[in-house]
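Asker: fold the following.
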Amino acid sequence: MTTSPFGRVITAMVTPMTPDGALDPKGVAAVVDHLVATGHDGVVVNGTTGESPTLSSAESIAMVREVKAAAGDRLAVTAGVGSNNTAHAIDMAASATEAGADALLVVSPYYNKPTQPGLIAHTRAIADAAELPIILYDIPGRTATPFAVETLIELASHPRILAVKDAKGDLWASSQVMAATDLLWYSGADEQNLAHLAQGAHGIVSVVGHVAGRQYADMVAAVDAGDLARAREIHHRLIPVTNALMSTTQGAIMAKAALVELGVIEHATVRLPYVEGTADHLEILRAGLAASGLSASAIGATA
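Answerer: Residues are numbered from 1 along each chain as shown. Modelled structure (predicted):
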């Protein structure tokens with residue numbers, strides 16, 4: 001079982017789809033088995049990489065059920081339930097709980113750009129109604145609304161708000177919140193995994209973890225042991241594949257392509273407004289995998 005309500009080595013899982021764009025239960029089970037086999041103790045469903053904006057509410061809950069059925073007690077399953085409609089987020093939290101989620105991911109509201117007092121009220125309303133532990137998702141590059149340092153310190157007093165997935169890129173702000181609270185901190189940007197872990201983060205919520213789970217588990221263990229030289233070695237070795245997945249096009253597109261390349265899933269189908277990567281993207285991906293030493297045999301693909 002996992003070492004926290006969320007796990008420590010977590011991947012923000014893609015949503016496998018058939019060529020016609022429907023959810024692919026076989027692909028879901030294959031990805032879950034692959035993640036378990038490659039060092040993960042947690043998974044986030046219906047996050048950014050899961051293409052949550054283009055999933056219906058029913059599909060999002062179906063994903064929670066499918067992932068939980070495949071994972072059992074091998075992975076902590078955190079369900080993304082955030083919305084810019086507070087009432088909808090509360091409803092999604094209840095449905096995800098009923099579907100078997102172990103924890104909830106709540107992103108700051110997007111598009112309507114609330115004030116910090118509004119963000120606090122929104123988040124508390126969800127947490128008050130929820131039954132499960134919550135990890136806050138701070139990704140202002142997509143939402144336009146960051147969780148301010150003072151906001152996170154205030155929200156940390158809520159008994160169900162236990163963690164932060166940090167994709168804000170402000171290491172100093174992270175340091176201040178970690179110093180002032182007991183919130184479990186997670187790197188939400190693979191480029192900063194080592195930096196966050198070195199300053200006390202509990203774990204990572206990764207995209208590159210789709211192909212580098214064992215390496216990230218080793219990085220977490222190395223930092224725990226005080227072996228920063230070993231952690232840096234892993235970090236440096238993963239630069240090519242991180243660049244390939246995170247800098248070529250959208251991470252969801254490249255993560256699905258990588259899972260096809262490694263034989264884990266059959267199709268790299270994404271939903272509009274995403275489109276599948278080009279032949280040039282695939283060559284960049286293959287070069288990044290090779291340069292980081294991540295072949296299908298090394299990763300242990302399970303499909």
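
Asker: would you confirm that residue 92 contacts residue 86?
Answerer: No - counting by CB atoms under 8 Å, residue 92 stays clear of residue 86, with 10.7 Å between them. Every residue, glycine included, has its C-beta placed from N, CA and C.

Asker: who has more neighbours out of these two?
Answerer: residue 92 (24 against 18; other CB atoms under 10 Å).

Asker: for the more buried one, give me its contacts.
Answerer: Remark: with contacts taken as CB atoms under 8 Å, 6 or more residues apart in numbering, residue 92 is in contact with 57, 60, 61, 81, 83.

Asker: which residues does the helix or strand containing residue 233 contact?
Answerer: Here residue 233, judged by DSSP states H and E, is contained in helix 228-237. For helix 228-237, the surrounding residues in contact (CB under 8 Å, 6+ apart) are 193, 194, 197, 198, 215, 216, 218, 219, 222, 223, 292, 293.

Asker: correct me if wrong: the fifth one contacts residue 241.
Answerer: No - here residue 215 does not reach residue 241: they are 9.2 Å apart, not a contact under CB under 8 Å.

Asker: so residue 278 versus residue 248, what's the distance?
Answerer: Distance, residue 278 to residue 248, by CB to CB, to the nearest Å: 9 Å.

Asker: cool, residue 266 as well?
Answerer: 22 Å.

Asker: the two: who's more crowded?
Answerer: Set residue 266 next to residue 248 and count neighbours by other CB under 10 Å: residue 248 wins out with 19 against 16.

Asker: quick check: angle from whatever helix or strand residue 222 lives in to helix 228-237?
Answerer: Take DSSP H and E as the rule and residue 222 turns out to sit in helix 209-224. Using axes from the mean of the first three to the mean of the last three CA atoms, to 10 degrees, one finds that helix 209-224 and helix 228-237 are set 160 degrees apart in direction.

Asker: any chance you could list what contacts helix 209-224?
Answerer: By CB under 8 Å, 6+ apart, helix 209-224 touches 8-14, 31, 35, 38-40, 190, 193-194, 197-198, 203-204, 206, 208, 228, 230-231, 234-235, 237-238, 241, 245, 255, 258-259, 262, 289, 292, 294, 299-300.

Asker: same thing but at 7 Å, please
Answerer: Applying CB atoms under 7 Å, 6 or more residues apart in numbering, the external contacts of helix 209-224 come out as 8-9, 11, 14, 35, 38-40, 193-194, 197-198, 203-204, 206, 230-231, 234-235, 238, 241, 255, 258-259, 262, 289, 294, 299.

Asker: ok, back up a step: between the contacts of residue 92, which is nearest residue 183?
Answerer: The closest of those to residue 183 turns out to be residue 81 (CB to CB; 18.6 Å).

Asker: element containing the closest residue in space to that closest one that isn't next to it in sequence?
Answerer: Nearest residue to residue 81, sequence neighbours excluded (CB to CB, 6 or more residues apart in numbering): residue 92, at 3.9 Å. Counting by DSSP H and E, the element that carries residue 92 is helix 86-98.

Asker: after that helix, which helix or strand is next?
Answerer: Under the assignment DSSP H and E, the closest C-terminal helix or strand after helix 86-98 is strand 103-107.

Asker: mind checking the pLDDT average for that following strand?
Answerer: The pLDDT scores in strand 103-107 average 98.

Asker: and stretch 197-209, by the same measure?
Answerer: For stretch 197-209, the per-residue pLDDT averages 98.

Asker: and that stretch, what's buried?
Answerer: 197, 201, 202, 203, 204, 205, 206, 207, 208, 209 (16 or more other CB atoms under 10 Å).

Asker: show only the entries of the residues you listed found in strands.
Answerer: Among the buried residues of stretch 197-209, the ones falling in strands (DSSP state E) are 203, 204, 205, 206.

Asker: quick one, what contacts the second one?
Answerer: Right, the one you point to is residue 204. Taking CB under 7 Å, 6+ apart, we find residue 204 in contact with 9, 10, 186, 187, 193, 216.

Asker: now the third one
Answerer: Under the criterion of CB under 7 Å, 6+ apart, the neighbours of residue 205 are 10, 12, 44, 165, 186, 188.

Asker: next one: the first one
Answerer: For residue 203, the contacting residues are 7, 8, 9, 10, 186, 220, by CB under 7 Å, 6+ apart.

Asker: now those: which count as buried?
Answerer: Among the contacts of residue 203, those classed as buried by 16+ other CB under 10 Å are 7, 8, 9, 10, 186, 220.

Asker: could those be laid out in JSON lines, adding pLDDT, distance to residue 272 and secondary structure?
Answerer: Output for these, formatted as JSON lines (pLDDT from 0 to 100; distance: CB to CB, whole Å; DSSP: H, G, I helix; E, B strand; the rest coil):
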{"residue": "7", "pLDDT": "98", "distance to residue 272": "32", "secondary structure": "coil"}
{"residue": "8", "pLDDT": "98", "distance to residue 272": "35", "secondary structure": "coil"}
{"residue": "9", "pLDDT": "98", "distance to residue 272": "32", "secondary structure": "strand"}
{"residue": "10", "pLDDT": "98", "distance to residue 272": "28", "secondary structure": "strand"}
{"residue": "186", "pLDDT": "98", "distance to residue 272": "30", "secondary structure": "strand"}
{"residue": "220", "pLDDT": "98", "distance to residue 272": "36", "secondary structure": "helix"}
